[in-house]
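A.B. asks: one predicted model, sequence on top.
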Amino acid sequence: MTNGQMLTENILPFWLGEAIDSENGGIYTCLDREGRLYGTDKSVWFQGRALWTFSKAYNCIEKRDEYLAAAENIYKFLPVCTDTDGRMFFTVTADGRELQKRRYYFSETFAAIGCAEYYKATGREDVRRDAEKYFAVAYDCFTGVRKNPPKINPDNLALKALSPVMIMLSTASVMRSMRDEKSDFYDRVCGECLDEILSGGFLTERALLESVSRDGRAVDTPTGRIVNPGHSMEAAWFLMLEGMRRGRRDVIDAAARIIDITLPLGWDKKHGGIIAFTDIDGRPPVQLEWDMKLWWPQCETAIAARLAYLLLGDEKYLDLYREVKCYYDECFRDSEAGEWYGYLHYDNTPSTTLKGNIFKGPFHIPRLYMLMTAMDDYEENGGVLLADWL
């Protein structure tokens, strides 16, 4: 089965069943192994993420009416998930009433990319305006115009985190792809995020760190020593795509170096797969799930490895891609019920058979297969589909 067939015949159909809420609008992500609903709380992250997924599949893979219908259903639910201050909730009830609202602004970034991709599918100006609206809120949070309670008291330990920067790079890149009058602004944001990832202190000789001091120094605390291998691999392919767009071989080379220094930290030599967290000095990580295998780091590693091979031609990246693909096909993909398991123990036995929850839904895995399809096209036809990601 090709990557495109895996997407259209296995992954997306799993999420086009009970997950789509035709009564209230939006999408559920709490699905069991067979795709049955086991909970009705809705992740607001996944309203935007799923909107992006179905819109991107429509734009780049196949113009199926069911993808567009799912996207419209989810798009109409976004206003229900938005508070009076313009910020979005984190979780809501089936009909959109607030359950939880967090200081993180990732709900807004995902709503922005969802609307941007849906605009590209429909050409509707109201959708484009919504994309800009959600991006503006997220960017205000990112730049500090909108104040959010700090996670750690900055008077005692002033840190900055990698994840907001890499997500803003990805978000601004999708916004730029609308190619409207604000494209130069989004391009500038992408450039600033690129520089921050590579020169802001996160990238050291040994790892891409999750948190550093505000002035870019490593911090010798459990938080400061943590490496998230999945984030590192994801950042690597974000940077490679941005390097492609800008014609900057130095950025592509730096991204490849991130892969090289992350792999020894994150790859389980005994059982295979990328672990969830590690301490750069080999001390006990504070995250209790540190040695588990989660679905999304495998996706990011496969994407990063294959893209590095396509751009640099080094066989070691092709070998890594093949090893990761073999691993997720064997350990994560459910050949009987469809889709992937999300959480494995260190020995690769499933810790749960659920296929979705508040954090796992139709995003990382569909994105994997869409990018793999684009890279298939790159190898066979010169990269028409991959160009759409730039």
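C.D. replies: On my side now, so go ahead.

A.B. asks: what's around S163, how many residues?
C.D. replies: Look at S163: counted by other CB atoms under 10 Å, it has 15 neighbours. From N, CA and C alone the C-beta is placed, and that goes for glycine too.

A.B. asks: so it sits right up against G230, yeah?
C.D. replies: No. Look at S163 against G230 with CB atoms under 8 Å: they stay out of range, at 10.6 Å.

A.B. asks: how about the nearest residue to E289, chain neighbours excluded?
C.D. replies: In space, not counting the residues next to it along the chain, E289 is nearest to A276; the distance is 5.4 Å by CB to CB, 6 or more residues apart in numbering.

A.B. asks: so that neighbour sits against W295, correct?
C.D. replies: No. Taking CB under 8 Å as the definition, A276 is not a contact partner of W295, at 10.8 Å.

A.B. asks: so which strand or helix has the residue lying closest to E315 once chain neighbours are set aside?
C.D. replies: Of all residues not flanking E315 in the chain, Y309 sits nearest, at 7.4 Å (CB to CB, 6+ apart). For Y309, the host element (DSSP states H and E) is helix 295-312.

A.B. asks: show me what that helix is packed against.
C.D. replies: Counting contacts by 3 or more CB pairs under 8 Å, 6 or more residues apart in numbering; DSSP states H and E, helix 295-312 packs against helix 229-246, helix 249-266, helix 315-331, helix 364-381.

A.B. asks: nearest to Q100, of these?
C.D. replies: Judged by CB to CB, the one of the helices and strands packed on helix 295-312 that comes nearest to Q100 is helix 364-381, at 21.8 Å.

A.B. asks: quick one: buried residues of the closest one?
C.D. replies: Under the neighbour-count criterion of 16 or more other CB atoms under 10 Å, helix 364-381 has 364-378 buried.

A.B. asks: so who does A111 touch?
C.D. replies: Shown in contact with A111 (CB atoms under 8 Å, 6 or more residues apart in numbering): V44, Q47, G48, L51, L78, C81, M88, D130, Y134.

A.B. asks: can we see that at 7 Å?
C.D. replies: Counting by CB atoms under 7 Å, 6 or more residues apart in numbering, A111 touches Q47, G48, L78, M88, Y134.

A.B. asks: for I226, same thing?
C.D. replies: Counting by CB under 7 Å, 6+ apart, I226 has contacts E210, S211, F277, D279, P285.

A.B. asks: how about it, phi and psi?
C.D. replies: phi -70, psi 140 (degrees, to the nearest 10).

A.B. asks: switch to numbering from 59
C.D. replies: Sure, I'll start counting at 59 from here, so that last one is I284.

A.B. asks: which residues does it bridge with?
C.D. replies: Taking DSSP bridges as the rule, I284 bridges to D337.

A.B. asks: quick check: the gap between it and L217.
C.D. replies: 11 Å (CB to CB, to the nearest Å).

A.B. asks: overlap in contacts of the two?
C.D. replies: Counting by CB under 7 Å, 6+ apart, the common neighbours of I284 and L217 are S269.

A.B. asks: beyond the one helix or strand E130 maps to, next helix or strand please.
C.D. replies: In the assignment (DSSP H and E), E130 maps to helix 123-133. Going down the chain from helix 123-133, the next helix or strand is strand 149-150, by DSSP H and E.

A.B. asks: what packs against that next one?
C.D. replies: Contacts defined by 3 or more CB pairs under 7 Å, 6 or more residues apart in numbering; DSSP states H and E place strand 149-150 against strand 100-101, strand 156-158.

A.B. asks: wait, which of those strands is closest to K121?
C.D. replies: Per CB to CB, nearest to K121 of these: strand 100-101, 27.1 Å.

A.B. asks: may I have the helix or strand just after that closest one as CSV, with CA atoms only?
C.D. replies: Reading on from strand 100-101 to the C-terminus, the next helix or strand found by DSSP H and E is helix 102-118. Listed next in CSV are the C-alpha coordinates belonging to helix 102-118 (Å, rounded to 0.1, in the frame of the first residue of the first chain):
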residue,chain,number,x,y,z
VAL,A,102,-9.9,22.7,20.8
TRP,A,103,-6.4,22.1,19.5
PHE,A,104,-7.9,19.4,17.3
GLN,A,105,-10.6,21.5,15.9
GLY,A,106,-7.9,23.6,14.1
ARG,A,107,-5.6,20.7,13.5
ALA,A,108,-8.4,18.5,11.9
LEU,A,109,-9.6,21.5,9.9
TRP,A,110,-6.0,21.8,8.5
THR,A,111,-5.8,18.0,7.9
PHE,A,112,-8.9,17.6,5.9
SER,A,113,-8.3,20.8,4.0
LYS,A,114,-4.7,19.9,3.2
ALA,A,115,-5.8,16.4,2.0
TYR,A,116,-8.4,18.1,-0.2
ASN,A,117,-5.9,20.6,-1.6
CYS,A,118,-2.9,18.3,-2.1
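
A.B. asks: run the angle between helix 102-118 and helix 123-133 for me.
C.D. replies: What separates the directions of helix 102-118 and helix 123-133 is an angle of 150 degrees, with axes from the mean of the first three to the mean of the last three CA atoms, to 10 degrees.
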